[in-house]
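Participant: Just a sequence and a predicted model for now, questions to come.
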Amino acid sequence: MALAAQTVLNRRLPLLAVALLAGCVSAPPPRPAPAPLPPVAPAPPPALPPAQPLPRPQPPAPAVVRPGPPPSAPAVAAPAPSAAQRSAQPTATGSLVALADRQAAAGDYASAAAQLERALRIRPQDPLLWQKLAWLRLRNGQFEQAATLAARSDSLAGNNADVRARNRRIMEMARARQRPSE
Amino acid sequence: MPKRRSRFLTRRAWLGWLLPAAVAALAGLALYAVHLDRVIREKFEGQRWALPARVFARPLELYSGAPLDLPRLVEALERLGYQRGEPIGAGSFAVRGARAIVYTRGFQFWDGAEPPRKVEIRFDGRQIAGLYGDEGELPLLRLEPEFIGGFYPASNEDRLLVRLAEVPPVLVQALLALEDRNFYRHHGVSPRAIARALWADLKAGAVVQGGSTLTQQLVKNYFLTADRTVWRKLTEAIMAVLLETHYAKDDILESYLNEVFLGQVGARGVHGVAQGAMLYFGRPLGELDTGQLALLAGMVQAPSYYDPRRHPERATARRNLTLRLLGEQGQLTPEQVAAEQAKPLRVAQRSSLTMARYPAFLDLVRRQLQRDYPEQVLRNDGLRIFATMDPAVQVAAEAAVSEQGTALARQRRLPNLQMAAVAADVATGEVLALVGDRDPRFDGYNRALDARRQIGSLAKPATYLAALAQPQRFNLATPLDDLRMSVRLPSGKSWQPRNAGGDYAGRIPLLRGLAESRNSATVALGLQVGVPEVLKTLRALGVTRELPAVPAVLLGAVELTPFEVTRMYLTLAAGGFRLHLRGIHAVTDKDGKPLASYPLSVEQKLDPAAVFLVNTALQEVARSGTARALGRVLPGLNVAGKTGTTNDSRDSWFAGFTGNTVAAVWVGLDDNGETGLYGASGAMRIWADMIGRLPAVPLTLTEPPGIHWAQAPDGPWLPAAQCPGGLGLPVLDGGVPPGAAACDGAALPAPDHGDDEPWRWLRRLF
């Protein structure tokens, strides 16, 4: 290390002359004093209630990339909505659902779920969107969420027997996977 | 001879002293250089700067049918620093009649990329009629998210990194022309420049010129203090030379461009040309034109002296000098120089960096992040945080709080009157807005998260929900006694709940008890249901605090924060499904790689059919009950909501929801004093003002399975298109009032006394 520095110095002769003077002075200058803390107010004692935590962060998208459904998940394909339902889907949510399908097919469930959430902000009461999210969670192995989301879809499905039948199927599969012994 | 000997001896003595001294000095110098070398390499390898975490708002989604009018789009574009006029490149737009032509910037979102594109947005009154790109109609696109704040390193330096390849060449040319013409030729120090500076200093008798190379300036800013001592100068020179031996010119230049100090926002230093562009022009560096880049380069020497906001003349002169130099060097034609010199400065009056915005919302983000990320990481690692805040909703909430709040304070002669508001998305549970003080810019006590206050009548829906979940016992028509009453408590004491204004209705249908917020009727119902059942329902709605098992809870003797109240009403708005109230969507590292996402998450603890009945009653609150003024202020929205007032009007509350937004507002005094305000005269005014400013979606309750419409002999009556005469009421399977007839003529299911389990509905599904 010392040797390396020497060579460096030798290559820089004009500097050496300057530096000779410098050698007489003893202590290196002090580092600048740390600046005062930024004006972010300290958190008041009662933080957010611990009983309503954010859901645990999911692993980053690349970490969940897997071809096909995860090993623990049932081999299910999302049911194709009938032609009538598909054409009734407005283009904005339709394109988000299509994007979610592509991302889920690539194993990026976190991004796929995010697209469905974008769609839900546009159509909060659309049972098909809730059902789609339920399927996604089922594929992702989150069985309890899958069953609850299917129930949410059902509560918005009115008399749509097709949607309700599929919700029932999701719930059955989710429950079966949750309790494999039963 | 002796003389010569002595001279020889003296010389030897002198040499004998000098040689070791020189060797010692050399050794000392070598050691010091080694030390400096290590300092340089350690600091320059790896992460060179502590980078603040940057928080972004929810992006604006544009799609056909979006409830967004042209003025709101223009507002959003201007907040993002888009330039209005001739759309010529990313970050510019034009308005032509009912159309906007926008060149978007594109953005790398955590869940996918949004490409930059040219898009024509057509409007149809208050909504978007269509989006048209070069390839035809687009289904949707999102603008880049608004920057809403950061968590800054202990050094209090704000900085946005930029790669040299992304820096416009004009900026580099201007910087070198002004600061270091020989940058690409010297080895870290420039003897000629030093000599020139020395001569100037000697002539002036003071230090007037620096003669530092860019490398020396970088070393000075990056490693050393600012004092002008000979020692510091020499150390700087050594380090500059060392730096040049280790690193390429372009690497040093890039570091300089990111290190350089460009201004101050409060106590925070703004560093780097990229953040400098945001500070002065409100736009990304790549969108600045030649004149703006020349000004930025010119400011490097003395940012506060040339501050274009405070000293426009100096800034103009400096910019013009820079442009002239560029012309002299042949980098600009004389015509270009003249044209750029003739332009105004075009500095953004306000930029996203100069405003201390949204402190309460950032507080929420920080608290929710703190569980997963240590403070050190938040302040230093340049995380990108995608928050759920919707700038339009936040702006509406702030305007409502400060305008209505000021009016209320004046009207009640209470200068210390305080308030807080929270709004969230009913589908996803994302927090859209949060205000914690009458002055939304105040960064301190955050009442939205920390003010625990009695909720009064806001608790009542829990009693009615607990009752209606037992359909064989209760329905909306069940008669309740609304009379003066005395309740004997287990302690032996008695409790006399009182109706507001001493107004007692006698016998009223259950629906009216909630709609008119009658204390006696509610206590009578709650005692029939049982206080433990009501507490269970409160918990199922999302109340996590310890609840006292006393009848006073029925009337809201429970202290909750506005945030917790929002969570409770969100559960109602979501049809009985409990959602996590989220302030954050996702976190990525500084390069955009996703680290964590916080997805929608839902739990079910309540029967959606019973919740539907309660929500119907809450719509009646706003149609004909204590909040009936809302029907006038917000016509056609069919909002569901509840007023709340505590003893002696210490707290005024309103919580409610539309088809897309749930919100809670609290008004009161920090010392818990009396305000003379009721829920409807205080908090509801703010709530209605806020919702009225938004493109709200009317609330249409979707009937879950298990609901029938019927007509009961004595009412109560609700609008019901499917019933004869257009009036009826919803009833649950097994919960039909005596003598009622089904609206569709079908036979109503008989009461099922064997099943009082609130999970009938779910069980039927399996």
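Facilitator: Done, it's in. Only a predicted model underlies this, so the values are computations on that prediction, with no experimental measurement involved.

Participant: What separation is there between B:Ala459 and B:Val422?
Facilitator: Using CB to CB, to the nearest Å, we find B:Ala459 at a distance of 17 Å from B:Val422. C-beta: built from backbone N, CA, C; applies to glycine.

Participant: Output the below-cut-off pLDDT ranges for the chain.
Facilitator: Picking chain A for this. Residue ranges of chain A with pLDDT under 70: A:1-90, A:179-182.

Participant: Please refer instead to chain B.
Facilitator: Counting by pLDDT under 70, the low-confidence segments of chain B come to B:1-14, B:201, B:204-210, B:225-228, B:351-352, B:354-356, B:747-766.

Participant: re earlier: and B:Ala459 and B:Val422? Which one has more around it.
Facilitator: The neighbour comparison of B:Ala459 against B:Val422 (other CB atoms under 10 Å in any protein chain shown) goes to B:Val422, with 32 against 29.

Participant: does the more buried one sit in a helix, a strand or a coil?
Facilitator: strand (DSSP: H, G, I helix; E, B strand; the rest coil).

Participant: for whichever strand or helix holds B:Met690, the distance to its chain's centre please.
Facilitator: Using DSSP states H and E, B:Met690 sits within helix B:683-692. Chain-centre distance of helix B:683-692: 20 Å, with CA atoms, centre = their mean, to the nearest Å.

Participant: Let me see the residues that make contact with that helix.
Facilitator: With CB atoms under 8 Å, 6 or more residues apart in numbering or on different chains as the test, helix B:683-692 has contacts from B:396-397, B:399-401, B:403-405, B:408, B:419, B:421, B:423, B:433, B:627, B:629-630, B:633-634, B:637, B:639, B:641, B:643-644, B:652-654, B:656, B:658, B:661, B:663-667, B:677.

Participant: and whatever helix or strand comes next after it, which strands flank it?
Facilitator: Toward the C-terminus, helix B:683-692 is succeeded by strand B:707-711 as the next helix or strand (DSSP H and E). Strand B:707-711 has the following sheet partners, assigned by DSSP bridges: strand B:727-732 (antiparallel), strand B:741-742 (antiparallel).

Participant: Quick check: which of those strands is buried the most?
Facilitator: strand B:727-732 (a mean of 24; mean count of other CB atoms under 10 Å in any protein chain shown).

Participant: how deep is the residue of the stretch 501-650 of chain B found nearest chain A tucked in, by neighbour count?
Facilitator: Closest approach between the stretch 501-650 of chain B and chain A, counting by CB to the nearest CB: B:Ala596, at 2.8 Å. Counted with other CB under 10 Å, residues neighbouring B:Ala596 total 22.

Participant: returning to what we had before: check which residues of the helix holding B:Met690 are buried.
Facilitator: B:683-691 (16 or more other CB atoms under 10 Å in any protein chain shown).

Participant: Run through the residues that contact the closest residue to B:Val426 other than its chain neighbours.
Facilitator: Of all residues not flanking B:Val426 in the chain, B:Ala573 sits nearest, at 4.3 Å (CB to CB, 6 or more residues apart in numbering or on different chains). Contact partners of B:Ala573, counting by CB under 8 Å, 6+ apart, are B:426, B:615, B:640, B:657, B:662.

Participant: Could you list every helix and strand in contact with the helix or strand containing B:Ser520?
Facilitator: Under the criterion of DSSP H and E, B:Ser520 resides in helix B:519-529. On a contact count with 3 or more CB pairs under 8 Å, 6 or more residues apart in numbering or on different chains; DSSP states H and E, helix B:519-529 meets helix B:460-468, strand B:479-482, helix B:510-515.

Participant: and the last one, what does it pack onto?
Facilitator: Of the remaining helices and strands, those touching helix B:510-515 by 3+ CB pairs under 8 Å, 6+ apart are helix B:460-468, strand B:479-482, helix B:519-529, helix B:608-624.

Participant: For B:Val534, what is the enclosing helix or strand?
Facilitator: Using DSSP H and E, the element containing B:Val534 is helix B:531-540.

Participant: In PyMOL, select just the buried ones from the contacts of helix B:683-692.
Facilitator: This is the PyMOL syntax for the buried subset of the contacts of helix B:683-692, where burial follows 16+ other CB under 10 Å:
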select buried, chain B and resi 396+397+400+401+404+405+408+419+421+423+433+627+630+633+634+637+639+641+643+644+652+653+654+656+658+661+663+664+665+666+667+677
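
Participant: Chain A next: which of the contacts of helix B:683-692 are close?
Facilitator: The subset of these within reach of chain A, by CB under 8 Å from any CB of the partner chain, is empty.

Participant: Keep only those of the contacts of helix B:683-692 that are in helices.
Facilitator: B:396-397, B:399-401, B:403-405, B:408, B:629-630, B:633 (DSSP state H).

Participant: Pipe those residues into CSV and attach distance to B:Leu138 per row.
Facilitator: Shown next, in CSV, are the ones in helices among the contacts of helix B:683-692 (distance: CB to CB, whole Å):
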residue, distance to B:Leu138
B:Ala396, 27
B:Ala397, 31
B:Ala399, 32
B:Ala400, 33
B:Val401, 36
B:Glu403, 37
B:Gln404, 39
B:Gly405, 41
B:Leu408, 45
B:Ala629, 42
B:Leu630, 37
B:Val633, 36
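
Participant: Torsion angles phi and psi at the residue of the stretch 501-650 of chain B closest to chain A?
Facilitator: phi -160, psi 150 (degrees, to the nearest 10).

Participant: and B:Ala33, helix, strand or coil?
Facilitator: helix.

Participant: thinking it is in contact with B:Thr245, fair?
Facilitator: No - distance between B:Ala33 and B:Thr245: 11.1 Å, which falls outside the contact criterion (CB atoms under 8 Å).

Participant: between the two, who's got more neighbours?
Facilitator: It is B:Ala33, of B:Ala33 and B:Thr245, that has more neighbours when counted by other CB under 10 Å, with 26 against 17.

Participant: Please give me every residue in contact with the residue nearest to B:Pro52 when sequence neighbours are not counted.
Facilitator: Distances taken as CB to CB, 6+ apart place B:Gly150 nearest to B:Pro52, at 4.0 Å, with adjacent residues excluded. For B:Gly150, the contacting residues are B:52-55, B:158, by CB under 8 Å, 6+ apart.
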